[in-house]
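Got a sequence here, can you build the structure:
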Amino acid sequence: MNRNLVITIDGPAGAGKSTVGKTLAEEISYVYLDTGALYRGVAYRARQEAIMSNDVEGLSRLCGKITIKVKPVGTNVRIIVDGDDVTDKIRTEEMGFFASQISAVPVVRERLLSLQQEIGRTGGVVAEGRDMGTVIFPHADIKFYLIADVNERARRRYRELIERGENVEFTEIQRSLSARDQQDSGRSVAPLMAAEDAIIIDSTALDITGVVSAMKRIISERSGNGL
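Predicted coordinates:
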């Protein structure tokens, strides 16, 4: 397989992008880039410094001094913020919602734009997020847009958080995902939307294996190489 492809996976929260992206990257020996984790990293530091999502000046100061590094570990990456590995600390529902809020702030997006593009510069990457195929990698070789019914997304997220030992309510997860959908789609800067040339995959009735298999088939057809 051509090792230089840039493959993007966009879609709403809870559609399974992270699990699918990570699994796909492992199976085709690509680097997996969870761009949402970068925003969570900024959100984590903002929360530590009591900076609110509407404090543009505070976020600007933070972006001017924060150091974010992506440390490859096999086909996965660890997120290092100011020397602290925050990969496992940023996966809460609260941090995800806060990250979604600050991702609408231009100075935050500008701070992370070059970092994301540098990671994908040489290809061989599966980049997952909200605007990978529309803004960050508009010339990506293959673009996927993963969707699923909001109730199914809520069930998946609920199981994930319960397995992690978090005390959450299913109805609150539903409410949070619906709010995230509205927030991500309605923002003025890089709103959540499928790229015109994206391949839309509905994962509502598919498991991870089914989604990844479909993606691998499409990649093989598009690249002319067997997987």
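
for the lowest-mean-pLDDT helix or strand in the chain, which positions count as buried?
Every helix and strand in the chain was compared by mean pLDDT, DSSP states H and E; the lowest is strand 68-73, with a mean of 82. Going by neighbour count (16 or more other C-beta atoms under 10 Å), the buried part of strand 68-73 is I68, V70. Every C-beta, even on glycine, is put in place using the N, C-alpha and C of the backbone.

For N2, give me the pLDDT.
Predicted confidence (pLDDT) at N2: the value is 54.

can you check Q183 too?
Reported pLDDT for Q183: 82.

Now name the helix or strand holding it.
Using DSSP states H and E, Q183 falls within helix 170-186.

what sits up against that helix?
12-14, 93, 96-97, 100-101, 103-104, 130, 150-151, 153-155, 157-158, 161, 191-193 (C-beta atoms under 8 Å, 6 or more residues apart in numbering).

cutoff 7 Å now
The contact list for helix 170-186 (C-beta atoms under 7 Å, 6 or more residues apart in numbering) reads 12-14, 93, 97, 100-101, 130, 150-151, 153-154, 157-158, 191-192.

Now do G133: how many residues are near it, please.
Using other C-beta atoms under 10 Å, the number of residues around G133 comes to 28.

ignore the last one, E57
9.

ok, now the one 5 residues further on?
Residue crowding around L62 was assessed by other C-beta under 10 Å; the count is 20.

Over to the one 4 residues further on?
Burial of I66, expressed as a neighbour count using other C-beta under 10 Å, amounts to 17.

The residue nearest to it when sequence neighbours are not counted: what's it in contact with?
Ranked by C-beta to C-beta, 6 or more residues apart in numbering and with sequence neighbours excluded, the top spatial neighbour of I66 is R45, at 5.7 Å. Counting by C-beta under 7 Å, 6+ apart, R45 makes contact with L62, I66, V81, D82.

Next one: R45 from V212, what distance?
33 Å (C-beta to C-beta, to the nearest Å).

Can you name the residues bridging to the most centrally placed residue in the chain?
Taking C-alpha atoms, centre = their mean, the centroid of the chain lies closest to G129, which sits 2.9 Å from it. Beta-bridge pairing for G129 (DSSP bridges): D10.

is it true that it touches P12?
No - G129 is beyond contact range of P12, at 11.3 Å (criterion: C-beta atoms under 7 Å).

re earlier: roughly how far is the helix holding Q183 from the heart of the chain?
Distance of helix 170-186 from its chain centroid, counting by C-alpha atoms, centre = their mean, to the nearest Å, is 16 Å.

Which positions in that helix come out as buried?
Applying 16+ other C-beta under 10 Å to helix 170-186 flags I173, Q174, S176, L177, R180, D181, Q183, D184 as buried.

Quick one: residues contacting the nearest residue to A214 once chain neighbours are set aside.
Once flanking residues are discounted, A214 sits nearest to I201: 6.0 Å by C-beta to C-beta, 6+ apart. By C-beta under 7 Å, 6+ apart, the contact list for I201 reads F144, L146, V211, A214.

Find the pair from those with maximum spatial separation.
L146 and A214 (10.3 Å; C-beta to C-beta).

on that earlier part again, looking at the contacts of R45, which is nearest T19?
V81 (23.1 Å).

How much space separates the closest one from E169?
The gap separating V81 from E169 is 30 Å, by C-beta to C-beta.

Of those two, give the one with the bigger neighbour count.
Neighbours per residue (other C-beta under 10 Å) separate V81 from E169, with V81 holding more: 21 against 10.

Thought K65 was touching the more buried one, still the case?
No - V81 lies out of contact with K65 (C-beta under 7 Å); the separation is 11.4 Å.
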